[in-house]
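Undergrad: Sequence and predicted structure are below.
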Amino acid sequence: MAAADGDGSKKRAPAVIKLAVQWDNKQPVLYDFDQKQPLAAIVRAMCQRWGIQNADRYAFKHLDTNTYITEKNRQNLANGVILKLTLSPAIEARDTFERLRDAPANDTQIMRSLALMCKDVSFASEFAACGGLKTLVLRIEQQSDVLVECSQLGPALTALQELVDNGGNVWSELSTSLVAKICSYAVSSNPDAVIMSKSLSILESVVASSNNASLISVVRDKVTVEDIARHLQQTGDLDRKVNALGVLNALMSRASIPERQDLHKDACSFRLREALCTTVVSQKTNVPVEMAQQLHLFQALQLSLIANRMQTRFDPDNKLHMVSLQALPQSVFPDEYATLSRRPTIGGSGPGLAGASIWKKLGFVNANPAHDFNEVPPGVLALECLVFFARSHQEDCNKFLLDNMARRETHQCPFARSGIVLTRLLCDILHVGEVASEVATSYLPIFYSTEHFFEEFFSICIQLLNKTWREMGAGAVDFDKVIAVVRKQITEVLKLNPPNMKELKRSLWEMTYSRIISIIEEEKEKVEDVTTRAKPVVELRDRIKPQIVDLVKKQRLLHLTEGALFHTFSTRGRQQRANWCCRLSPNHRVLHWNTPDDNCTHVLPLEDLPKKVAVSEIRELMCGRDKVPNPVRTQQYQFALRMSESEMTLDYVAEDEKQYAMWVDGLRVLLNQSMEYAGEDIEMLLNMDMKLRLLDVENAPIPDQPPKIPPDPPNLDFYYKDR
């Protein structure tokens, strides 16, 4: 097996594996198993070592799993395993077939050993090929009573199930009478769990994998949804439930849309979801992988039934569509609708729909509401969801509409438009219409808590949309932003696997807009943190940081050259009217300033600043009220410069923290000292620069080590001849 080494690259499995080989209960011998050598050659070498003739009759078996080693699975061998030299699958299958053919029906040993050996794919295919499957089928068909009496029907069905799964294309050997007999076992009240479970498993394989329509028809006629519901309602025996649900999923997968709808109706009438919720989904124990796969498949197949409506446009000539459209205002505004619907149409041919005002009040975009349902998806499915919400949750629907009527028109959440877009959003989140995966294990517990899952889910989410609209203070132009937030709210809550609709609504209401903003920020920081910790990114950051520091230094010096005004204070700390100006020369060698002047209201040019001192004459920069020689008790941001040839000091009192930080850092740069307050600016500029540089690799994994340079090609030794 390939494994990843420390630098993130993959290394191949070892070419030589150190293992042990055993024969005939003798002491195992150590052997270097060369993966490049043909398996038959290794078997021949071991036979020669023990003096065994006819090496082609032998093969290796894994001692622990009792499975044959083939060219396909030999790569799974690891150091330290023990192999057993035994008869090859073809020889073992032929011997087993002859023993089965000659043994009486009440032979308990042959059937149990056959059930164990058929778990190996190599043996099962060889056994089926040599006629063993046909013999087993005839025995189950003709001698089932004898098998039941000696308790051999369970092992016989186990062997048949393994052969069906591992024996290759075996469907031609199965007859309709055999499948009918197995169906009778599956629907009977037989207390034997093995017989019941294996019968259901065989029927699932027949329906799911066979192309024989007659076999599938027998299962469809003999096994009803009521029978499957009875299995699912039983407590305990999880294997039986897995196989029973597998049969139903297989039948639904192979059925046409009308047949699948009939199965759905039967499942609803026998409360199949309720049975699954009670006996499997709501249990505190973890659901096994096999059951989780069947639950996922059942959920996907059930949701696929609404895919046709999702892809159907509104048809004005379809009476069902028109009745549904009329039902929406009739449920929400019954009095107003009754009045408007009695008005004659423009042509005077009879009563029309409602007037344009009522459709606008319901939040339709077009004057003719039928046009709003022409987009697919969601098609007429959106109309059905809106009607369901208006009828089944009339109080919540009225609250939605009244809440929006109280707002300004530009800030109203359009009811119909929201429902249409939300329906498409839910179809996308739930993967409606996509091909179901047979290996996926994800399912929604809330799906099994109600028979009208999608409609109830829609009814809760449209209330959430209105709530989020209100929290965001959104207007008509913010519609897409609100939908994006609602999508995030729904996906985050579904990750919590709420067990029922009540818990779903509670969790959605707790997932407020502010909480979503926090989650988005956390995710963004997490992605950035992972990216910034990558070794190449760290090296790049260290390489460009000096450039950013130099940029900030130039900015600080530029601030000093632009100059600033500083207030003067009395010895008691009172601010005086006189101000003084100080600025740095463009060549960064001289500081210019003037004496305090009452008329100094702006920064003066260098020509008007008579006093100056060379930067080279500055001996010390003193910062803080406790370090300057002439402190002002009432001021916090104070610093001073002491000259080298005299005790003269230049005292500054900054107006605020920003001015203080700019001048102190600028003076530190002049004195070749490190900046003290520039860390935040350096980090901000560095992060911005890194983000710009990494835009092209956004969401792409960054390796810790650079890829290895491939070796030179063999034809690299060439030269160009000058013609």
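TA: Yep, it's here.

Undergrad: From here on, just use CA atoms for contacts and neighbour counts.
TA: OK.

Undergrad: For this protein, which segments count as strands?
TA: Under the criterion DSSP state E, the chain contains strands at 3-4, 10-11, 16-23, 29-34, 58-62, 82-87, 564-569, 575-584, 590-593, 611-614, 618-623, 638-643, 649-653.

Undergrad: Lowest average confidence across those, which one?
TA: With a mean of 38, strand 3-4 has the lowest mean pLDDT of these.

Undergrad: that older thread, any chance of CSV for the strands of the chain, columns mean neighbour count?
TA: Output for the strands of the chain, formatted as CSV (neighbours: other CA atoms under 10 Å):
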stretch, mean neighbour count
strand 3-4, 10
strand 10-11, 11
strand 16-23, 18
strand 29-34, 14
strand 58-62, 22
strand 82-87, 20
strand 564-569, 19
strand 575-584, 20
strand 590-593, 20
strand 611-614, 14
strand 618-623, 17
strand 638-643, 21
strand 649-653, 19
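
Undergrad: As JSON lines, those strands with distance to residue 187 would be great.
TA: Formatted as JSON lines, the strands of the chain follow (distance: least, CA to CA, whole Å):
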{"stretch": "strand 3-4", "distance to residue 187": "48"}
{"stretch": "strand 10-11", "distance to residue 187": "51"}
{"stretch": "strand 16-23", "distance to residue 187": "46"}
{"stretch": "strand 29-34", "distance to residue 187": "51"}
{"stretch": "strand 58-62", "distance to residue 187": "38"}
{"stretch": "strand 82-87", "distance to residue 187": "40"}
{"stretch": "strand 564-569", "distance to residue 187": "94"}
{"stretch": "strand 575-584", "distance to residue 187": "97"}
{"stretch": "strand 590-593", "distance to residue 187": "101"}
{"stretch": "strand 611-614", "distance to residue 187": "104"}
{"stretch": "strand 618-623", "distance to residue 187": "92"}
{"stretch": "strand 638-643", "distance to residue 187": "93"}
{"stretch": "strand 649-653", "distance to residue 187": "95"}
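
Undergrad: What residues does the nearest residue to residue 296 once chain neighbours are set aside make contact with?
TA: Closest residue in space to residue 296, ignoring its immediate chain neighbours: residue 443 at 4.8 Å, by CA to CA, 6 or more residues apart in numbering. Contacts of residue 443 were listed using CA atoms under 8 Å, 6 or more residues apart in numbering, and they are 292, 295, 296, 299.

Undergrad: Quick check, residue 643 in contact with residue 620.
TA: Yes: counting by CA atoms under 8 Å, residue 643 does reach residue 620; the two are 7.0 Å apart.

Undergrad: contacts for stretch 96-116?
TA: With contact meaning CA under 8 Å, 6+ apart, stretch 96-116 is reached by 127, 130-132, 135, 139, 143, 146-147, 150, 152, 155-156, 158-160, 162.

Undergrad: Which of the residues in that stretch are classified as buried?
TA: Residues of stretch 96-116 classed as buried under the neighbour-count rule (16 or more other CA atoms under 10 Å) are 96, 97, 100, 105, 106, 110, 111, 112, 114, 115.

Undergrad: Then stretch 126-146?
TA: Residues 126-129, 131-137, 139-141, 144, 146 are the ones in stretch 126-146 that count as buried (16+ other CA under 10 Å).

Undergrad: Just give me the least confident of those residues.
TA: Looking at those by pLDDT, the weakest one is residue 146, with 64.

Undergrad: Could you check how far stretch 239-257 is from the centre of its chain?
TA: Between the centre of stretch 239-257 and the centre of its chain there are 26 Å (CA atoms, centre = their mean, to the nearest Å).

Undergrad: ignore the last one, stretch 686-702
TA: 23 Å.

Undergrad: what do you get for stretch 87-99?
TA: Put simply, stretch 87-99 sits 48 Å off its chain's centre (CA atoms, centre = their mean).

Undergrad: Pull it out as PDB, backbone CA atoms only.
TA: Coordinates of each C-alpha in stretch 87-99 appear next as PDB, following Å, rounded to 0.1, in the frame of the first residue of the first chain:
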ATOM      1  CA  LEU A  87      -4.900 -26.200  -3.100                       C
ATOM      2  CA  SER A  88      -5.800 -23.700  -5.800                       C
ATOM      3  CA  PRO A  89      -9.300 -22.300  -6.100                       C
ATOM      4  CA  ALA A  90     -10.100 -24.400  -9.200                       C
ATOM      5  CA  ILE A  91      -9.100 -27.700  -7.500                       C
ATOM      6  CA  GLU A  92     -10.800 -26.700  -4.200                       C
ATOM      7  CA  ALA A  93     -14.000 -25.700  -6.000                       C
ATOM      8  CA  ARG A  94     -14.000 -29.000  -8.100                       C
ATOM      9  CA  ASP A  95     -13.500 -31.100  -4.900                       C
ATOM     10  CA  THR A  96     -16.200 -29.200  -3.100                       C
ATOM     11  CA  PHE A  97     -18.600 -29.500  -6.000                       C
ATOM     12  CA  GLU A  98     -18.200 -33.300  -6.100                       C
ATOM     13  CA  ARG A  99     -18.700 -33.600  -2.400                       C
END
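
Undergrad: what about the helices in the stretch 51-200 of the chain?
TA: With helices called from DSSP state H, counting those that start in this stretch, the stretch 51-200 of the chain shows them at 89-102, 108-117, 121-129, 132-142, 144-149, 153-166, 176-187, 193-209.

Undergrad: And the strands of the chain: which comes nearest residue 470?
TA: Checking the strands of the chain against residue 470 by CA to CA gives strand 564-569 as the closest, at 48.0 Å.

Undergrad: partners of the closest one, with directions?
TA: strand 575-584 (antiparallel) (DSSP bridges).

Undergrad: what's in contact with the strand it pairs with?
TA: When contacts are defined by CA under 8 Å, 6+ apart, strand 575-584 is touched by residues 560-570, 590-604, 606, 609.

Undergrad: give me that answer again for 7 Å
TA: With CA atoms under 7 Å, 6 or more residues apart in numbering as the test, strand 575-584 has contacts from 560-570, 590-598, 600, 603-604.

Undergrad: now stretch 176-187
TA: Counting by CA under 7 Å, 6+ apart, 141, 196, 199, 200, 214, 215, 218, 219, 222, 223, 227 sit against stretch 176-187.

Undergrad: got a markdown table for the helices of the stretch 51-200 of the chain, with distance to residue 684 too?
TA: Output for those, formatted as a markdown table (distance: least, CA to CA, whole Å):
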| stretch | distance to residue 684 |
| --- | --- |
| helix 89-102 | 69 |
| helix 108-117 | 67 |
| helix 121-129 | 62 |
| helix 132-142 | 74 |
| helix 144-149 | 80 |
| helix 153-166 | 62 |
| helix 176-187 | 70 |
| helix 193-209 | 60 |
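
Undergrad: looking at the ones you listed, which one has the lowest mean pLDDT?
TA: Among the helices of the stretch 51-200 of the chain, helix 144-149 scores lowest, at a mean of 68.

Undergrad: Any stretches of the stretch 201-350 of the chain with poor pLDDT?
TA: For the stretch 201-350 of the chain, the stretches with pLDDT under 70 are 284, 337-338, 340-350.

Undergrad: again, only using 90
TA: Across the stretch 201-350 of the chain, residues meeting the criterion (pLDDT under 90) sit at 208-213, 229-240, 255-289, 326, 329-350.

Undergrad: where do the helices sit along it?
TA: Per DSSP H, counting those that start in this stretch, the stretch 201-350 of the chain carries helices over the ranges 213-222, 225-233, 238-254, 257-269, 272-276, 289-303, 307-310, 319-332, 334-341.

Undergrad: Could you do the stretch 551-700 of the chain as well?
TA: Assigned by DSSP H, counting those that start in this stretch, the stretch 551-700 of the chain shows helices spanning 657-670, 679-693.
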